[in-house]
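[1] Requesting a structural model of the entry that follows:
(one chain, ligands or ions: 1)
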Amino acid sequence: MQVYEAGTGIGGTWFWNRYPGARCDVESLAYSYEFSKDLEQEWNWTERYASQPEILKYANHVADRFDLRRDIALETRVESAVYDEASGRWTVRTDRGDEVTAQYCIMATGCLSARNTPDFPGIDRYRGQHFHTGDWPEEGVDLAGKRVGIIGTGSTAIQAIPILAEESGHLFVFQRTPNFSMPARNTPMDPEYQARVKANYPAFRKPFISGMFGLDFNPNDRIGATATDAERRAEFEARWAAGGLGVVGAFADLFVNPEVNEAAADFIRGQICETVADPEVAELLLPDTPVGCKRPCADTDYFETYNRENVTLVDIRKSPIEELTEGGLRVNGCEYDLDAIVFATGFDAMTGALLRIDIRGREGRTLQGKWAEGPKTFLGLGVESFPNLFTITGPGSPSVLANMIPAIEQHVNWIADCITYMSGRGLARIEATEEAETAWVAHVNEIAHRTIYPTCNSWYVGANIPGKPRIFTPYLGFPRYVKRCDEVAASGYEGFRLEP
Ligand code: N01
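    Predicted coordinates for the structure are as follows:
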């Protein structure tokens, strides 16, 4: 086995996203591997929601603990992967000039790893410091006393803004779309709680695996449509007080009934109005999309930050950024002098990392060509015309709508079992069939369209990247998905063509 990694270290998301405030909003005890019971027992988390440095430390511990580093070539970016039908092997080329062949090619390139820096006019003219949150300098950045601009108010910015406001002289937040966020109420880890979890880890993990999102939003079976206004409010309040993303699990129909969703949206908007002192600023911060159709965030003092004197919110929805200038940027004819600009502008999600590699399958078919109108996969694991290529958390799998670590483990286990099955039977080639792929893409979409998810301009539908086909890519329903993957494997990989 040979692993290639572009970074100077391992850890993927948690290696690159070193921006101030980066942490995971899934509980640390659940955002962890379950493949090793010893690992589960020996690792101690220090906070309810782990920070980026702690998760990166964990990833490095796992790499050392299981002696994984000898297979990993760091600082090596894969440029192309080409399938040769005659030999039945993939040839992988890297930016260091490596050329290796392999029977199987597994793309673990991440759902949110291809950074998006919008092509603002004048972007090359700007002379100040500038950073993308997904490529934050390892040594950190000294912003003391500086005038700093941050573009974007997605999950990343919502985590970074409170810290950047503390660290900088003045922070200007350039917001195109306000976002829903709920207080994380992060706390140091209670050692007794951690001990209780470790005493019965499988039971603790269960709701993170059996919930619709593979996340523990403390889901409520109750139908919100049958609850009174007072009952709904009481449920929302209890969840708001408990912290985390629990408000989105308040009622079983919150993602399918627009009226119930609007009640939750209204409740959160009320909290924002209560928190933000200046009514005009509060008004600008009120989201007008359904809750959850863009990824909501769990924050620490996000809305409170707008009460600071050194923070200015600039609405760029109606008047977009006109251009970057030598000394800052211009909006609506007004120039903002900035010593540093932070691009919290997200990623070309789900497909970007794969499509930036020149991937060619049977008959020279390119992945770029095949996915020109949107990604097509079977189970987000296999792609027709691309034999023996597997995608970990690929488009069409739950991935970003699940707890990523169990979602990744489930894919890794499925792929490992498949390869074992193949070698045990003298099989050398596996490829998704066109029929299975077409049916799966339709199924992914059909499920998404029963919900509020496709109704707003999120990266889930590719709306953040100009020209990207508007397709809802993740699969909704982790438990149903796992069952389907298990059935496919048990049937001898129905939906795939297996050949000697
Ligand atoms: O990226 P985003 P992110 N002009 O795409 C704005 C995960 N995550 O890095 O909404 C002006 O969400 C854009 O505006 P709009 C999580 O899954 C998890 O924040 O497109 N603005 C938006 O405000 C998350 O969803 C954690 O109108 C422009 C922002 O930039 C995903 O990563 C923490 C613009 C981009 O927001 C990505 O989050 C952090 C333009 N041309 C992230 N282009 C956890 O806690 C874009 N924007 C687990």
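[2] Let me see the domain layout of this structure.
    Using automatic domain parsing, the domain parsing of the chain gives 104-113+366-499, 117-179+295-346, 217-292.
[3] Kindly present these as JSON lines, with separate columns for mean pLDDT and mean neighbour count.
    For glycine as for every other residue, the C-beta is placed from the backbone atoms N, C-alpha and C. Listed next are these as JSON lines, based on pLDDT from 0 to 100; neighbours: other Cβ atoms under 10 Å:
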{"stretch": "domain 104-113+366-499", "mean pLDDT": "97", "mean neighbour count": "19"}
{"stretch": "domain 117-179+295-346", "mean pLDDT": "97", "mean neighbour count": "18"}
{"stretch": "domain 217-292", "mean pLDDT": "95", "mean neighbour count": "17"}
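[4] mind putting these in a markdown table, distance to the ligand included?
    A markdown table is the format used below for these (distance: least, Cβ to the nearest ligand atom, whole Å):
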| stretch | distance to the ligand |
| --- | --- |
| domain 104-113+366-499 | 5 |
| domain 117-179+295-346 | 2 |
| domain 217-292 | 9 |
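[5] Could you export the ones you listed as CSV, including distance to Asp67?
    Listed next are these as CSV, based on distance: least, Cβ to Cβ, whole Å:
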stretch, distance to Asp67
domain 104-113+366-499, 17
domain 117-179+295-346, 25
domain 217-292, 35
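[6] The residue nearest to Trp90 when sequence neighbours are not counted: what's it in contact with?
    If the residues on either side of it in the chain are set aside, Trp90 comes closest to Cys105, at 4.1 Å by Cβ to Cβ, 6 or more residues apart in numbering. Listed by Cβ atoms under 8 Å, 6 or more residues apart in numbering, the contact partners of Cys105 are Ala81, Tyr83, Trp90, Val92, Asn388, Leu389, Phe390.
[7] repeat that with 7 Å
    Ala81, Trp90, Val92, Asn388, Leu389 (Cβ atoms under 7 Å, 6 or more residues apart in numbering).
[8] The second one bridge partners, please.
    I take that to be Trp90. Tyr83, Ala102 (DSSP bridges).
[9] my guess is it meets Glu99, correct?
    No: assessed by Cβ atoms under 7 Å, Trp90 is found out of contact with Glu99, at 11.1 Å.
[10] which one of the two has more residues nearby?
    Trp90 (24 against 9; other Cβ atoms under 10 Å).
[11] Let's see the pLDDT reported for the more buried one.
    On pLDDT, Trp90 comes in at 98.
[12] Quick check: it vs Glu384, distance?
    Using Cβ to Cβ, to the nearest Å, we find Trp90 at a distance of 16 Å from Glu384.
[13] between the contacts of Cys105, which is nearest Ala238?
    Leu389 (46.6 Å; Cβ to Cβ).
[14] for the closest one, what are its contacts?
    Counted by Cβ under 7 Å, 6+ apart, Leu389 has contacts Cys105, Met107, Gly361, Val383.
[15] now Thr109
    Ala353, Leu354.
[16] ok, now Ile272?
    Shown in contact with Ile272 (Cβ under 7 Å, 6+ apart): Ala282, Leu285, Leu286, Phe303.
[17] Among these, give me the pair with the biggest separation.
    Leu286 and Phe303 (10.5 Å).
[18] Ile72: what's it in contact with?
    Per Cβ under 7 Å, 6+ apart, neighbours of Ile72: Val3, Glu5, Ile10.
[19] ok, 6 Å please
    Val3, Glu5 (Cβ atoms under 6 Å, 6 or more residues apart in numbering).
[20] Return the distance of it relative to the ligand.
    According to Cβ to the nearest ligand atom, to the nearest Å, Ile72 and the ligand sit 24 Å apart.
[21] change the start of the numbering to 24 and stick with it
    In the new numbering, first residue 24, that becomes Ile95.
[22] Now Pro160: closest residue in space that isn't a chain neighbour?
    Nearest to Pro160 is Phe154, by Cβ to Cβ, 6+ apart, at 6.9 Å.
[23] thought Ser233 was touching Phe501?
    No: between Ser233 and Phe501 there is no contact under Cβ atoms under 6 Å: 8.2 Å.
[24] circling back to that earlier point, of the contacts of Ile295, which belong to helices?
    Those of those mapping onto helices are Ala305, Phe326, per DSSP state H.
[25] what helix or strand is the residue nearest to Pro160 on?
    Using DSSP states H and E, Phe154 maps to strand 152-155.
[26] just to revisit the earlier point, now the residue nearest to Trp113: how far from Gln25?
    11 Å.
[27] In terms of helices and strands, where is Leu336?
    With DSSP H and E as criterion, Leu336 is part of strand 334-338.
[28] Parallel or antiparallel, list what pairs with whichever helix or strand comes after that strand.
    Counting by DSSP H and E, the next helix or strand C-terminal to strand 334-338 is strand 344-347. Note on strand 344-347: by DSSP bridges, its sheet partners are strand 351-354 (antiparallel).
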